[in-house]
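Enquirer: Model the following, please.
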Amino acid sequence: MQIIPVTDNTTANEFIRVSVVLHKNDPNWIRPLDKDINEVFDKEKNKAFRFGEVTRWILKDDAGKLIGRIAAFTNKKYKNKGDDLPVGGIGFLNASTTRMQPTFYSTMQSTGLYSRVWKQWTAPSILANVTAGGD
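Expert: The predicted model follows:
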């Protein structure tokens with residue numbers, strides 16, 4: 001599995017396509033507008049960037065097929081009382097449960113992504129809420 005940071009237009013478009021790929025067989029899924037998703041990550045349009053930052057990643061299997069995505073947000077304006085750790089959250093977590101869930105947590109640990117993003121969260125409880133996508 002490859003964890004790839006979103007750093008250019010190609011990976012930004014792949015970030016959007018992840019949900020399309022995962023939900024292609026779900027007749028109840030309503031695709032959000034690409035424009036709306038892009039505006040979340042646009043520093044000119046999202047006022048949260050005045051005090052915060054975001055990093056996005058896409059996940060691909062060994063064959064290069066899109067199988068997941070995640071974004072991590074921090075906000076320097078907010079602090080936890082008694083520590084200097086950044087406060088933030090995760091979002092846009094989509095993953096194909098049949099292809100990713102068994103190895104998702106271990107891959108995040110082995111690549112160091114776990115320590116960069118989920119240090120403050122309990123990953124197993126989040127994985128229980130991973131979006132169920134089709135293959």
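Enquirer: Can you check which helix is longest in the chain?
Expert: When the chain is parsed with DSSP state H, its longest helix is helix 9-22.
Enquirer: Name the surrounding residues that touch that one.
Expert: If you take C-beta atoms under 8 Å, 6 or more residues apart in numbering as the criterion, helix 9-22 is touched by 4-6, 29, 31-32, 34, 37-38, 41, 56, 58-59, 65-69, 92, 94-96, 131, 133-134. From N, CA and C alone the C-beta is placed, and that goes for glycine too.
Enquirer: Let me see the ranges of the strands in the protein.
Expert: In the chain, the strands defined using DSSP state E lie at 2-5, 52-60, 66-79, 86-95, 131-132.
Enquirer: hey, least reliable of those by pLDDT?
Expert: Note on those: lowest mean pLDDT is at strand 131-132, with a mean of 39.
Enquirer: Correct me if wrong: residue 68 contacts residue 59.
Expert: Yes. Between residue 68 and residue 59 there is a contact under C-beta atoms under 8 Å: 3.7 Å.
Enquirer: Tell me how many other residues crowd residue 3.
Expert: Residue 3: 17 surrounding residues under other C-beta atoms under 10 Å.
Enquirer: I meant to write residue 77 there.
Expert: The local packing of residue 77 (other C-beta under 10 Å) involves 10 other residues.
Enquirer: Could you measure from it over to residue 92?
Expert: Per C-beta to C-beta, to the nearest Å, residue 77 is found 21 Å from residue 92.
Enquirer: How about residue 26?
Expert: Distance, residue 26 to residue 92, by C-beta to C-beta: 17 Å.
Enquirer: Pick out whichever of the two has more residues nearby.
Expert: With neighbours defined as other C-beta under 10 Å, residue 26 and residue 92 compare such that residue 92 has more, 21 against 12.
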